[in-house]
Structures are given as C-alpha cells and as structure tokens.
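Chemist: okay, predicted coordinates and the sequence, questions at the end:
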Amino acid sequence: MTTIRATSLTKRYGRTVAVSDLSFDVQPGQVTGFLGPNGAGKSTTMRMILGLDRPSDGSVLVDGLPYQELRHPLRKVGALLDARAVHGGRSARNHLLAIAQSNGIPASRVEEVLALVGLSEVARRRIGGFSLGMSQRLGIAAALLGDPEILLFDEPVNGLDPEGILWIRTLMRELAAEGRTVFVSSHLMSEMAQTADHLVVIGRGRLIADTGVAEFIGRSSQGYVRVRSPRLDEVAKLIEIGEPHDGHLRVTGMTPLEIGTITARAGLPLEELTFVQPSLEAAYMELTKDSLEFSS
Amino acid sequence: MMEILASEWTKMRSVRSTVWTLASTALLMLAIGVLLALAVAGSADGPVNDAEATRVSMAGVTFASLAIATLGVLVVSSEYRTGAIRTSLMAVPRRLRLLSGKIIVFTVVALVACLASSVATFLIAQAILDGPALGEPGTLRTVAGTGLYLTASGLFGLALGALVRHTPGAIVAAIALILVLPQLTNVLPGEWGTAVHNHFTSNAGLQIAMPVESNPLGPWSGFGVYLAWIAVTLVAAAVLMRRRDA
C-alpha cells in the first residue's frame, strides 16, 4: 500500500523552479528520510503534499486522494512544518482544542496528546512564552491529535537540544514501528542515517536517489563502522569483512545493528560500536554537489 | 460546518485581541455618546428634539467602526502573520469553508457586541437628555442600524484582512476606505462626483444610522450599497485565497 505518491511534481515561482518533475512513493511502516541541501525544495514539496501550495504541474496524492479531498484530513495525516507558526496569545490547550474541533476530534484527545508530549503542566500557559523545545513538542502534539496513519515532519530537530533530538528520533521510530508512514525531511545526512529506513534524496528540486539507507551506505565506499572489543580477535573472525586497524576493527557495508546482533548472539562483549559518518556525509556531498544552489 | 464553527469560535474567544477590540468598540460608543449627550444637555435652551437626541447618542459610530474593523482584520491577518494559517488549512483544506466559518463566527460575535453597545449607549444617553424611548418610530431603526453598520464595518475589515493578509496594511486600508476616502470624494466635481460621493462606502452605509439630508439614498438602500462594497471585497478575497499559496 502506498500512502504518499508524488507524480511528476513540479513547482515554479516565476522563472525559478523549486521542484522539478519529482516522482516518489512513501511506504508505511518505516521512516522515510527526505534529504537534500537547504533550498533543495523539501519544504515546498511538503507544502504541496498538504495542499498548502498548488503544484505547477504533476500531482501528489495522499492515500489515493488529493489532500483537499480528505474529509477529516487530520485523522489521516499529521504534520509538523514550523513549530513557531502558532498564535502566541493562545494557551496550548486552546490551540489544540481549536484544531481538534475542526476535524471532529473529541476534546479528551487534547489532554491525551498533551500528556503524551509532556506538556500537561503548561497546558494553560500562553504559547508565546514557550521555548523552542516546548513549541516543537506542541507541534508534535498537534500532529498526533487525529491519531493519523501518515506523519510528516519538516526538519524536526532543527535547533533542539540533544535531549529533544533523542526524544523526536525515538518517537519517529516508534510511530513507524506501529505501522504508520513517517516522512521526515532533513538537510543532515548524519541525522537521517540514525532515524530513516529509506531515503528520498533531492537536490535543486530534482530526485537524486530513492533508496534504502542500507543500500545508500553500501554505495559509499568509505563508510564504515568502528568496532572495539576486549575480544577483538574473535569479533574479527565472526565479522569476516572487518579490516583490523590499530586496536579496532573497521567494517564496511554493515550497519551497527547488524554487527551488534551478530556479536550479541555470539555472546561477545563490545566496548565500542560506532558508525563513522564522514563517509556517509561524503557520499551525500558527492551526490548533491552538483545540485547545491550556492557553492562556495 | 458545525465543526469548523466550533473551531473558529475557540480561536476567537481564546485571544486577547478579541476582548480588546470589542471593549474598544463598546467604550468608544459609550464615551462619545455619553459625553456628547452631557454637552448637549448642558447647552440646550429647551428640550432636545427626539431625532437630534438619538443622533447625539450614536455619535461614536465612526470611531467605533474602526475598532470593530480592526477585530475583523485580525481574525484573518493574525493567522497569516504567525503562519498559523497553514495549521488552519491543514485542518480545513477547503479554503472557502474556512473563510465562511470565520465570517459566520465573526458576524455573530460582532452583531451581539455591536447591538448591545449601541442599545446601552442609547439608553444611558437618553436618560441624560430625557430623550425618546427605544420603541419610537425611527429611533429603533437608528439604534439597531448603528449596530448593523458597526457589524458590517467589522466584516469589511475581515474581507480586507483576507485580501491584504498583512495586519498593518489591512488596517490602513480599512481606515482609508471607511474614514478618509469617503470624505475626500466630496471634492469630486460634477454630478458624477456627487454620485460617487453618495455611494462611497460609509457615506452610503451611515444612511441607516446618521442619515445625511443631501444624500438621496434611503437608510436601507444606503446600507445595501455598503454591503455591496463589502461583498465585492469578500469575493475578491475568496478568489485570491483559493488561488494563492498559503
């Protein structure tokens, strides 16, 4: 089942082409990263999915329908675009209540999502006084109000502290594990490497890659996982493709999870299992270098 | 549609600007009407005639109309200023339904507040002036007409807010169209100029509250012309809202 399908999606502003002939599918049950440099057209694409911007050409369907034709859209799709785009004078509860009412969602659900994101204590406070982290949580509460099957997040970790980043990452993984469709944009490869199962990579509004994260990693020649263990020799035997480097093992073409699973099965202790990113960043840079809007 | 109305009502009642602008509207009506009534009562030689007494009590209508127009502007433009319009449109992607919801909720709120303000002001001012009762012929129309004119001015603000999408710009447009330009049209030459002047926004609309002898438009036809101005602005706003990216 396909939940979001873009077909030859194109958006032009005058002579500038923000999104050009973009086609991709987003599947349920996994986190799909929407990756590209700043200005690549990610936000524009998200706005077209949500019916906010009108495509100049092509189409994008949500569960087979244009967004405008969904009867109670928030029960199908939840989205966090810009957490600061709220009326600061309203309390968190009233902000969510107004959204809930518009889609026939019971008021009790407002209390539920407030508790879910940890904002129950400040539900009566004006949103204007919220920190970025709190605003982000409120935005996610709004996205979850209708218990939607499809979730869209536009650069959700921007400006967050490590705790907030971890919280959002975990939440997205959980939502996908529940069988939902999670489509999350980022300009950071490293971020996507840790959250996404699948990647849609764009640059200058064009599709560059539509691939699993594992394949993407596999494609990159220099990507590796650093493994340290007090019983490194045994680990090296087990992970045949590992190359010994002074005091550690470099493994190319396997994810930390795969390595960790194998060593755990064998009962081998690990003291370090690190995904070394520069290579992935390099692969991403390599892929998008022709598509950066402004190169230095 | 009931869902959208409930949502818009929650939005409207949960921001302070609603309270401020409604309070300003009521206060301007009361303060100007009562002060003028006191002044007239103090300087008049004999009893003031009923028509004049009613007119005096409703003198705050022009300033009050700008306060309620400001609320109308804010109902739409504050969502564009903050970006909250995108949340609203994600929830209600049919744009005209969203706009209709805003119009209906605003009209009901404004109508109640504006009628209450004009009736209260009338009653207090007439107690000072020893003027007519509300039921007198012509008096009721003037007082209710003032409430209707104020509500319509608020809708004018809402339409301009949706058209301009920018709070200061829309407020300036409202002041220009309701207060400044109607006066300026006075200098237009000839018969054609006079017709423009008589039909221009508040010059026509105020015939229901503060009729001007020289204007051939009757109370209701004048108000109808004012509503036509508002309808045209609303249609333009609706067409653009459908077409523009949010």
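Modeler: That came through, no problem. Numbering: from 1, shown residues only, chains lettered A, B, ... in the order given.
Chemist: would you map the helices across chain B?
Modeler: B:2-13, B:16-43, B:50-57, B:61-82, B:84-91, B:95-129, B:139-164, B:167-175, B:181-184, B:190-199, B:201-205, B:219-243 (DSSP state H).
Chemist: who are the packing partners of the second one?
Modeler: Meaning helix B:16-43. helix B:50-57, helix B:61-82, helix B:95-129, helix B:139-164 (3 or more Cβ pairs under 8 Å, 6 or more residues apart in numbering or on different chains; DSSP states H and E). (Glycine included, C-beta is placed from N, CA and C.)
Chemist: which one, of these, ends up nearest to chain A?
Modeler: helix B:61-82 (5.1 Å; Cβ to the nearest Cβ).
Chemist: enumerate the positions of stretch A:182-193 that are buried.
Modeler: By neighbour count on 16 or more other Cβ atoms under 10 Å in any protein chain shown, the buried set for stretch A:182-193 is A:182, A:183, A:184, A:185, A:186, A:187, A:188, A:189, A:191, A:192, A:193.
Chemist: go ahead and name everything in contact with it.
Modeler: A:4, A:26, A:30-38, A:40, A:42-43, A:46, A:49, A:150-157, A:172, A:175-176, A:195-196, A:199, A:213, A:217, A:275, A:277, A:280-281, A:283-284 (Cβ atoms under 8 Å, 6 or more residues apart in numbering or on different chains).
Chemist: mean pLDDT for the helices of chain B: which is lowest?
Modeler: Comparing mean pLDDT across the helices of chain B, the weakest is helix B:50-57, with a mean of 87.
Chemist: count of residues packed around the residue of chain B found nearest chain A?
Modeler: Nearest residue of chain B to chain A (Cβ to the nearest Cβ) works out as residue B:83 at 2.8 Å. Residues within reach of residue B:83, counting by other Cβ atoms under 10 Å in any protein chain shown, total 15.
Chemist: my read: it touches residue A:85, true?
Modeler: Yes - Residue B:83 lies in contact with residue A:85 (Cβ atoms under 8 Å); the separation is 2.8 Å.
Chemist: list the residues that contact both of those two?
Modeler: Counting by Cβ under 8 Å, 6+ apart, nothing touches both residue B:83 and residue A:85.
Chemist: report the distance from stretch A:13-23 to the chain centre.
Modeler: Taking the mean of its C-alpha atoms, stretch A:13-23 sits 22 Å from the chain's own mean (Cα atoms, centre = their mean, to the nearest Å).
Chemist: and for stretch B:182-192?
Modeler: For stretch B:182-192, the distance to the chain centre is 23 Å (Cα atoms, centre = their mean).
Chemist: dump the residue contacts of the residue of the stretch 51-200 of chain A found nearest chain B.
Modeler: Using Cβ to the nearest Cβ, the single residue of the stretch 51-200 of chain A nearest to chain B is residue A:85, 2.8 Å away. Listed by Cβ under 8 Å, 6+ apart, the contact set of residue A:85 reads B:82, B:83, B:84, B:86, B:87.
Chemist: ok, and the most crowded of these?
Modeler: Top of those by neighbour count (other Cβ under 10 Å): residue B:87, with 27 neighbours.
Chemist: now residue 143: closest residue in space, sequence neighbours ignored.
Modeler: No chain was given, so I picked chain A. Leaving aside its chain neighbours, residue A:143 sits nearest to residue A:78 (3.4 Å; criterion: Cβ to Cβ, 6 or more residues apart in numbering or on different chains).
Chemist: think we crossed wires, I meant chain B
Modeler: Per Cβ to Cβ, 6+ apart, closest to residue B:143 is residue B:122, 4.8 Å.
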